[in-house]
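everything below, folded, please.
(chains A and B)
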There are 2 protein chains.
Amino acid sequence: MKNDLIIRAARGQRTERTPVWMMRQAGRYLPEYRAIRKDIEFLRLCKTVDLAVEVSLQPYRLLGVDAVIMFSDILIPVEAMGQEVRLTEQKGPELPSPIRTREQVDQLIVPDPLEKTGFVMEIIRTLRRELDGAVPLIGFAGAPWTLAAYMIEGGGSRNYAQVKRMMFAEPKTFHALLDKIADTVILYLNAQIEAGAQIVQLFDSWAGELSRRDYEEFALPYERKIFESINRQSAPAILFINGCGNFLEKMAASGADVLSIDWRIDLAEARKRVGDNLTLQGNLDPCVLLTTPEIITEKARELIRKGGGHRHILNLGHGILPPTLVENARAFIEAAKTQAD
Amino acid sequence: MKNDLIIRAARGQRTERTPVWMMRQAGRYLPEYRAIRKDIEFLRLCKTVDLAVEVSLQPYRLLGVDAVIMFSDILIPVEAMGQEVRLTEQKGPELPSPIRTREQVDQLIVPDPLEKTGFVMEIIRTLRRELDGAVPLIGFAGAPWTLAAYMIEGGGSRNYAQVKRMMFAEPKTFHALLDKIADTVILYLNAQIEAGAQIVQLFDSWAGELSRRDYEEFALPYERKIFESINRQSAPAILFINGCGNFLEKMAASGADVLSIDWRIDLAEARKRVGDNLTLQGNLDPCVLLTTPEIITEKARELIRKGGGHRHILNLGHGILPPTLVENARAFIEAAKTQAD
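You can find the predicted model right below:
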C-alpha cells in the first residue's frame, strides 16, 4: 500500500505524520456529490455500485484524505433484517413499522450478507480495484444499541423515549433484539473484510445518551461481542460514540483498536484516561469547519500537537456538516498533510 | 414555611427525607394543564397571570411536589431584550430574526425587568400568596450560552452550527452578546427574588454541547457573574446543564449552591467529583417515567440511597416528557415522600 498511515496508526506503529480523514467525508458538502445525488434517491445511490464507488472516491480525489470510506448507510443491514427503511437525507431515516413487540423481534432475520447486501461487497471490491493500494479502504456498520434505537423509534429521535422505554421495561425483549443485530453486524463486517475492507468502523453514535450503567448493560457487551468475532487481524476496528465522555474507560474495554471520540472531551485528557495501548481518533468540533481556513488550520494543528504524533488519527468529533465549504474541509486535511513538510 | 426541605437541602442543612420536584412539572403530561392550554397560546399563557399561577400550582395540588416552579419560559427575557420570539410547544421556539451581526447585538437592550416583564413578578407575588408558605417557590432564567444559542440559531438546533460559528469566528461579538444577556439575567433574577422567589434555577441546558475549554471561555464566566451578582442570601441558586459530565468540576466552581445534573453521570460518582460542599439535584433518566410505577419506584429509591439523604434533591436528569402518565409521575414523587414513613 502506498499510504498505509491510518492502518499503522490504528495498529500502534509509528507514522511519519498524523493521518487524517473525516466522518461523512463522502457527502452533501461536496458539489460533486450533490451533482450525482440530484438525479438519484439516497437509498438507490447506496445500492448503485458505480455511483456509490464514485462518491466514495470524491473526497480522496478532491481533498487527498488518507483513507476512503465506502459510501453506504448504517441502516442497510436493518433493511436486510426485514424491516422497511426509507432514507432521505433531508428528513433523515424513516422506518414506518417500528419494532415494539417480541413478536416483531422474532420475525426479524439474521441475513446472509452476500445474499441480501451483495451490492455493499461489490462496492468494496470495486473500490479496492480503483484505489489500487493508494490508501486504505474503510468499511463500517452501526452498533446494536444505535441500530435498535432507529428500529424502535422508527427514525431519528430527540429523547430516545421509545427505545429506552423498551430497554427499562422489557429488557429481555430488548436484549433479544440487540443480540440479533449483533449477529447480523458480525456477519456483515466479516463479509466486508472478506471483500476487501482494510479497517472497519463501528458506529454506536447514540450510545452517549446512556448512563454508564445502561451503557455497560445494553451497549458495551454487544460492541465487545462484535470486536471479538470479526477478523481484526485483517482489519483493525474503530469504535465511534458521540458523547462518550462519561464512560470512556469502559469504551476502552470494548476490544476496539481505535476509539473515535467526540469534541466534548479534551484529547490529552482522553489519552490519560484510556492509556497508551489504544489509538484515538478525532476530535475537532465539526462546527469549527464552518469558520475560516485560518481558524481551522490553527485548531487542527493544535489538536495534532495534543495527539503527540503517535496513535492518533485526526478526524472530526462527528460527521462533517453539509453547509461546510470545500475550501474549509481542505484546510482541515492540509493541516495534517503539511506537518512533516 | 411548612415544608422547607428543598431550601434546607440547597443550603446543606439536614432534612428528614430527600425532597423532590420535577423539571417541567407544570406541563403537557398533566390533563389539567392541557385543558387550560387548549384555549390559549403558549406565550399568552406565560403572560396571563391567573392562568400561569393555576398551572404552576397544578403539580403541587395533584402530585404533592416539595416545591412549586413558576410557569414561564426561558425566552421571556429575550423578547424583552427586543428580539421577536414565537413560542409553540409543538414546534418549539421560533425567533424569526436571528442575531448574526454585531449591529444586531448592539441594538438589543438590557430591559428593566419590572417594566418589560412585570407579569412574571406578578405571577411570583400571586403564587407566594396562594402558597402561603406551604412549599418554596422556584424562579428561573436561561443562562447566557443557552439563550445565545436560541437567539443566534433562531430556534432549537441539532448541531448548534450558527452559534458555534459565531463563537469560533467572531468571539468578540459573541462575548458582547453573552455579556448583555448576563446583565439582563442578573436584573431579571434579582427582580424575581425581590418579588418572592425563594430559590432560583439557572438553565444552561445546552452548555453540554461545548468542549471543556469552550465551556470555560463562553459559559462558565457568565454563570459565575450571575451567581456573584444575585441575592443568594435570600434565594439559593441551582445550575442545570444537560450533559455536564465532561466538566462537572468546573461547573462546581460556578458559585451555584446546587448542581442539577443529567442522567448520564452516576450520582455517587458526581458526588466524589464535586466534593461535599455542594448540593446535587437529579438525576433519573426522564424516560424511566415512561415505564411502570413499580420500575419507577425501584429506580427512584435506588437514587435516593445513592444520594445518601443529605445535600440531595431528587429530580429528573432533564424535563419530564409529555407522554408520561400522571400515575407514573406520582410514583416518582411518592418514592421520595414515603421514605421516612
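
can you list the residues of the stretch 51-200 of chain A near chain B?
On the criterion Cβ under 8 Å from any Cβ of the partner chain, chain B has as its neighbours in the stretch 51-200 of chain A the residues A:159, A:160, A:161, A:164, A:165, A:168, A:169. Placement of C-beta: from N, CA and C, glycine included.

now, these that are in helices?
Here DSSP state H is the test, and these give A:161, A:164, A:165, A:168, A:169 as lying in helices.

between these, which has the most around it?
For those, neighbours were counted by other Cβ atoms under 10 Å in any protein chain shown; the highest total belongs to residue A:164, with 27 neighbours.

surely that one touches residue B:285?
Yes. Here residue A:164 reaches residue B:285: they are 6.6 Å apart, a contact under Cβ atoms under 8 Å.

checking my notes, residue A:313 in a strand, right?
Yes. With DSSP: H, G, I helix; E, B strand; the rest coil as the criterion, residue A:313 is part of a strand.

residue A:96 is in what secondary structure piece?
Using DSSP states H and E, residue A:96 maps to neither a helix nor a strand.

now do residue A:200
strand A:199-203.

could I get the CA-only coordinates of that strand as PDB?
In PDB, the C-alpha atoms belonging to strand A:199-203 read as follows (Å, rounded to 0.1, in the frame of the first residue of the first chain):
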ATOM      1  CA  ILE A 199     -10.300  -1.100   8.500                       C
ATOM      2  CA  VAL A 200     -13.800  -1.100   9.900                       C
ATOM      3  CA  GLN A 201     -15.600   1.400  12.000                       C
ATOM      4  CA  LEU A 202     -18.500   0.500  14.300                       C
ATOM      5  CA  PHE A 203     -20.800   3.500  14.800                       C
END
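
chain center to that strand, what's the gap?
For strand A:199-203, the distance between its averaged C-alpha position and the chain's averaged C-alpha position is 5 Å (Cα atoms, centre = their mean, to the nearest Å).

where exactly do the helices run in the stretch 1-150 of chain A?
According to DSSP state H, counting those that start in this stretch, the stretch 1-150 of chain A carries its helices in the segments A:5-11, A:31-37, A:42-47, A:49-63, A:76-81, A:102-107, A:113-116, A:118-131, A:144-153.

and the nearest residue in space to residue A:196 that is not next to it in sequence, what does it touch?
When the adjacent residues along the chain are set aside, residue A:196 lies closest to residue A:128, with 4.0 Å between them (Cβ to Cβ, 6 or more residues apart in numbering or on different chains). With contacts taken as Cβ atoms under 8 Å, 6 or more residues apart in numbering or on different chains, residue A:128 has the following neighbours: A:137, A:195, A:196.

the second one contacts residue A:129, doesn't it?
No. The pair residue A:195 and residue A:129 does not pass the contact test of Cβ under 8 Å, sitting 11.3 Å apart.

ok, the two, which is more surrounded?
Counted by other Cβ under 10 Å, residue A:195 and residue A:129 do not tie: residue A:195 has more neighbours, with 22 against 10.

which residues are in contact with that one?
A:120, A:121, A:122, A:124, A:125, A:128, A:139.

how close does it get to chain B?
Using Cβ to the nearest Cβ, to the nearest Å, residue A:195 is found at 33 Å from chain B.

need the strands for chain A, in chain order.
Counting by DSSP state E, residue ranges of the strands within chain A are A:68-69, A:137-142, A:199-203, A:237-241, A:258-261, A:279-284, A:312-316.

and the last one with chain B, contact?
No. Using Cβ under 8 Å from any Cβ, no contact is recorded between strand A:312-316 and chain B, whose separation bottoms out at 11.6 Å.

list the contacts of that strand.
By Cβ under 8 Å, 6+ apart, the list of residues contacting strand A:312-316 from outside reads A:6, A:9-10, A:18-23, A:258, A:260, A:263, A:267, A:279-286, A:289, A:300, A:303-304, A:307, A:332, A:335-336.

the closest residue to residue A:183 other than its chain neighbours - how many residues pack around it?
Spatial nearest neighbour of residue A:183, chain neighbours left out: residue A:110 (4.7 Å); criterion: Cβ to Cβ, 6+ apart. By the other Cβ under 10 Å criterion, the neighbourhood of residue A:110 contains 19 residues.

surely residue A:110 and residue A:187 touch.
Yes. Contact between residue A:110 and residue A:187 holds when scored by Cβ under 8 Å: they sit 6.9 Å apart.

adding mean neighbour count and mean pLDDT, write the strands of chain A out as CSV.
Converted to CSV, the strands of chain A look like this (neighbours: other Cβ atoms under 10 Å in any protein chain shown; pLDDT from 0 to 100):
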stretch, mean neighbour count, mean pLDDT
strand A:68-69, 26, 98
strand A:137-142, 24, 98
strand A:199-203, 25, 98
strand A:237-241, 26, 98
strand A:258-261, 25, 98
strand A:279-284, 26, 98
strand A:312-316, 28, 98
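
go through those and name the closest to residue B:210.
Of all the strands of chain A, it is strand A:279-284 that lies closest to residue B:210, at 13.3 Å by Cβ to Cβ.

relative to strand A:237-241, how tilted is the closest one?
Here strand A:279-284 points in a direction 40 degrees away from that of strand A:237-241 (axes from the mean of the first three to the mean of the last three Cα atoms, to 10 degrees).

pLDDT weak spots in chain A?
Along chain A, the model assigns pLDDT under 70 to residues A:340-341.

contacts only, for residue A:126.
Contacts for residue A:126 (Cβ under 8 Å, 6+ apart) come out as A:49, A:50, A:53.

correct me, but the first one touches residue A:119?
Yes. Residue A:49 is within contact range of residue A:119, at 5.9 Å (criterion: Cβ under 8 Å).

out of the contacts of residue A:195, which comes closest to residue A:29?
The shortest approach to residue A:29 among the contacts of residue A:195 belongs to residue A:139, at 22.0 Å (Cβ to Cβ).

partners of that closest one in the sheet?
As for beta bridges, residue A:139 partners with residue A:200 under DSSP bridges.

tell me the contacts of it?
Residue A:139 is in contact with A:69, A:70, A:124, A:189, A:192, A:193, A:195, A:197, A:199, A:200, A:201, A:235, counting by Cβ under 8 Å, 6+ apart.

separation between it and chain B?
Distance, residue A:139 to chain B, using Cβ to the nearest Cβ: 26 Å.

could you do residue A:37 as well?
Distance from residue A:37 to chain B, by Cβ to the nearest Cβ: 20 Å.

what sits against the nearest residue to residue A:29 once chain neighbours are set aside?
What sits nearest to residue A:29 in space, not counting adjacent residues and going by Cβ to Cβ, 6+ apart, is residue A:324, at 4.3 Å. Taking Cβ under 8 Å, 6+ apart as the definition of contact, the neighbours of residue A:324 are A:29, A:286, A:289, A:290.
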